[in-house]
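>>> One predicted model, sequence on top.
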Amino acid sequence: MKTKSSPFRGISHKRLLFIVLFLETVAIAIAILRPNDAFHHFEEGGSITILSCLQILAVAVLAGMIFRLEKRSLDSKLRKNAGFWLIVGIGAFLLALDDALSLHEQLDVWLHGVLNIEETMVTDLADDIIVGIYLILALIYVASQWKTLQIFRSSFNYFKIGFVLGGLMVVLDILSNNFLFVSMVTDDPNLMGKMISWLGIVEETAKIAAEGFFLAGVYQCWRIVKADSKQPLTVNSTTRA
């Protein structure tokens, strides 16, 4: 008598990415096509911010699930990664909190109010630079864990695209913060206002897309851990006499 187990058959990471990108596209298209108040949906606290928070929270939840699986795993390679995913989960949760409450934006208030630093278009960029620092710290941490993360190689392309889009988001965030850069292109106040608004929309779109790729990448990592762990989600058994 022989028992054979089939591999985990949940939704594929490619299909998840397609679904996520499709829903993101629909949400962004609806926001843009809304008459009169399209830009409002891309501002802090708008509907796109809500979508962003939900995606980051999904990453946090998946990272927490990976952490729990790896802590209980009998595979030493998986157990070595447990701490990494705990930090990813906590970091994603804090990013979602930051996004929801606009915490890093309060840096402007702290610089100009508490430290009494003169407000200029350059100092206004401080909160945007903080986001770039988040991204750099994430890359440094991933690089420090590079050897133990090799079991997740099939997800690397998603993370590469996510980081590229994240970098684009930071650049666009800086460009759309105030008139410092757009004034180098035109002197027309109305045109500068429109440029800043549209740069902000593209920036939010890049952020949402980056989160979609990160979500698909973390989901693939979860599938890998699930398949390699001793506790598969789905086991189909066939018995042969």
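Alright, I've got the coordinates. Residues are numbered from 1 along each chain as shown.
>>> for the protein, what spans make up the helices?
Assigned by DSSP state H, the chain shows helices spanning 13-33, 47-72, 76-101, 107-109, 126-144, 156-175, 179-182, 189-228.
>>> Turn those helices into TSV, columns for mean pLDDT and distance to residue 41.
Placement of C-beta: from N, CA and C, glycine included. Shown next, in TSV, are the helices of the chain (pLDDT from 0 to 100; distance: least, C-beta to C-beta, whole Å):
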stretch	mean pLDDT	distance to residue 41
helix 13-33	93	4
helix 47-72	95	5
helix 76-101	92	15
helix 107-109	68	23
helix 126-144	90	20
helix 156-175	95	17
helix 179-182	86	21
helix 189-228	93	9
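>>> Out of those helices, flag the one nearest residue 120.
Across those, residue 120 has its closest neighbour in helix 179-182 (8.9 Å, C-beta to C-beta).
>>> got the contact list for residue 43?
Residue 43 sits next to 49, 200 when contact means C-beta atoms under 8 Å, 6 or more residues apart in numbering.
>>> re the thing from before, compile the helices of the chain into a markdown table and extend it with columns for mean neighbour count.
Below are those laid out as a markdown table (neighbours: other C-beta atoms under 10 Å):
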| stretch | mean neighbour count |
| --- | --- |
| helix 13-33 | 15 |
| helix 47-72 | 19 |
| helix 76-101 | 18 |
| helix 107-109 | 15 |
| helix 126-144 | 15 |
| helix 156-175 | 18 |
| helix 179-182 | 16 |
| helix 189-228 | 20 |
